[in-house]
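*Asks:* just coords:
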């Protein structure tokens with residue numbers, strides 16, 4: 001099995017485990033460092049509010065799941081954390097959870113002559129996020145979003 005196949009398998013094990021525990025995988029980052037995999041997992045409850053206790057318990061139990069999948073503790077490091085207030089917004093569920101909140105969008109290609117847009121998340125419909133920019137509504141296709149996050153004041 002090559003490195004990419006192992007990473008896909010690790011992400012699948014992680015996502016399935018979190019789902020079975022009632023949590024969602026927000027972000028999974030895996031890289032190879034000095035012969036061991038470094039896993040950074042951001043998890044949350046479906047409506048937000050993961051606690052430090054949740055993170056500690058999930059970290060311990062996920063480590064056991066990964067080791068049961070034939071990885072030894074020497075083969076990887078694991079960091080499981082809350083995504084925090086400025087968590088990345090990646091899919092329709094994330095954007096729906098943040099309706100009525102201000103966000104910044106970094107796009108893969110220009111839309112309305114810019115790669116960056118800020119505005120109030122007004123609606124999510126048909127694979128698009130509608131953002132209100134001072135009374136003007138901009139329709140941003142999800143596939144054009146490189147990165148998006150809430151603006152924390």
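*Replies:* That came in fine, so what should we check first? What you see is a predicted model, and the numbers here were worked out from it, not measured in a lab.

*Asks:* what's around residue 68, how many residues?
*Replies:* Using other CB atoms under 10 Å, residue 68 has 9 other residues around it. C-beta: built from backbone N, CA, C; applies to glycine.

*Asks:* Can you tell me how far it is from residue 13?
*Replies:* Using CB to CB, to the nearest Å, residue 68 is found at 9 Å from residue 13.

*Asks:* now swap in residue 104 and tell me
*Replies:* For residue 104 relative to residue 13 (CB to CB), the value is 32 Å.

*Asks:* Run a quick check on residue 78 versus residue 36, I expect a contact.
*Replies:* No - between residue 78 and residue 36 there is no contact under CB atoms under 8 Å: 10.6 Å.

*Asks:* Looking at those two, which is more packed in?
*Replies:* Comparing residue 78 with residue 36 by other CB under 10 Å, the one with more neighbours is residue 78, at 18 against 15.

*Asks:* Which residue, other than its chain neighbours, is closest to that one?
*Replies:* residue 39 (4.9 Å; CB to CB, 6 or more residues apart in numbering).

*Asks:* Wasn't the one you found part of a helix?
*Replies:* No - if the criterion is DSSP: H, G, I helix; E, B strand; the rest coil, then residue 39 is strand and not within a helix.

*Asks:* Tell me what it is bridged to.
*Replies:* Under the criterion DSSP bridges, residue 39 forms beta bridges with residue 30, residue 78.

*Asks:* what's the burial count for it?
*Replies:* For residue 39, using other CB under 10 Å, the count is 22.

*Asks:* Please, where are all the helices along this structure?
*Replies:* Shown for the chain, the helices assigned by DSSP state H span residues 3-20, 52-68, 92-97.

*Asks:* Return the set of buried residues in the last one.
*Replies:* For helix 92-97, a neighbour-count test (16 or more other CB atoms under 10 Å) marks 94-95, 97 as buried.

*Asks:* List just the nearest of the residues you listed to residue 52.
*Replies:* The nearest member of the buried residues of helix 92-97 to residue 52, counting by CB to CB, is residue 97 at 21.0 Å.

*Asks:* Dump the buried residues of helix 92-97 into JSON lines; add pLDDT and distance to residue 150 as well.
*Replies:* Formatted as JSON lines, the buried residues of helix 92-97 follow (pLDDT from 0 to 100; distance: CB to CB, whole Å):
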{"residue": "94", "pLDDT": "88", "distance to residue 150": "10"}
{"residue": "95", "pLDDT": "93", "distance to residue 150": "10"}
{"residue": "97", "pLDDT": "86", "distance to residue 150": "10"}
